[in-house]
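[1] From the sequence below, what's the structure:
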Amino acid sequence: MPDANVVLKGSFTAAEQNYRVKYLDEDTLAEIHTTLGPKNTHFGDVIEGYTEKIEISGYTFVRADDLTVGTDNEQNIVTVYYSKEY
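    This next block holds a predicted model:
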């Protein structure tokens, strides 16, 4: 151990990652729109799912899952759910 106080300084940059957005029918879980992405983001960012909603003819937005971006881009997916209009 050092005999005096030691101050260590450092810095880091969050790793660049990406995510995709899936659009599903809430009842059948069928994809109802082409998956969007990859979209650029950083490790640890929080993507609020509702910000990824889009207008899809014949469907009404229901809900969306939020995502905390991790290191595995294959699992960085925001899922947005819709209900079919009758």
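[2] Now do the SS call for residue 79.
    Classification of residue 79 by DSSP: H, G, I helix; E, B strand; the rest coil places it in strand.
[3] pull the CA atoms of the longest strand anywhere in the chain into PDB?
    For the chain, the longest strand by residue count, based on DSSP state E, is strand 31-42. The C-alpha trace of strand 31-42 is given here as PDB (Å, rounded to 0.1, in the frame of the first residue of the first chain):
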ATOM      1  CA  GLU A  31     -44.800 -10.200 -37.500                       C
ATOM      2  CA  ILE A  32     -47.000  -7.500 -39.100                       C
ATOM      3  CA  HIS A  33     -44.300  -5.200 -40.400                       C
ATOM      4  CA  THR A  34     -40.700  -5.600 -41.600                       C
ATOM      5  CA  THR A  35     -38.300  -5.600 -38.700                       C
ATOM      6  CA  LEU A  36     -36.500  -2.200 -38.600                       C
ATOM      7  CA  GLY A  37     -32.800  -1.800 -37.900                       C
ATOM      8  CA  PRO A  38     -30.200  -2.100 -36.900                       C
ATOM      9  CA  LYS A  39     -30.300   1.200 -35.200                       C
ATOM     10  CA  ASN A  40     -27.200   2.700 -33.500                       C
ATOM     11  CA  THR A  41     -27.100   3.100 -29.800                       C
ATOM     12  CA  HIS A  42     -24.700   2.500 -26.900                       C
END
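[4] What average pLDDT does that strand get?
    Regarding strand 31-42, the rounded mean pLDDT is 96.
[5] do the same with stretch 4-13
    pLDDT averaged over stretch 4-13 gives 78.
[6] Give me the buried positions along it.
    Along stretch 4-13, not one residue counts as buried under the neighbour rule (16 or more other CB atoms under 10 Å). For glycine as for every other residue, the C-beta is placed from the backbone atoms N, C-alpha and C.
[7] Any idea how many residues pack against residue 45?
    14 (other CB atoms under 10 Å).
[8] ok so, going back, name the helices or strands packed onto the helix or strand just after the longest strand of the chain?
    Counting by DSSP states H and E, the next helix or strand C-terminal to strand 31-42 is strand 46-47. The helices and strands touching strand 46-47, judged by 3 or more CB pairs under 8 Å, 6 or more residues apart in numbering; DSSP states H and E, are strand 67-68.
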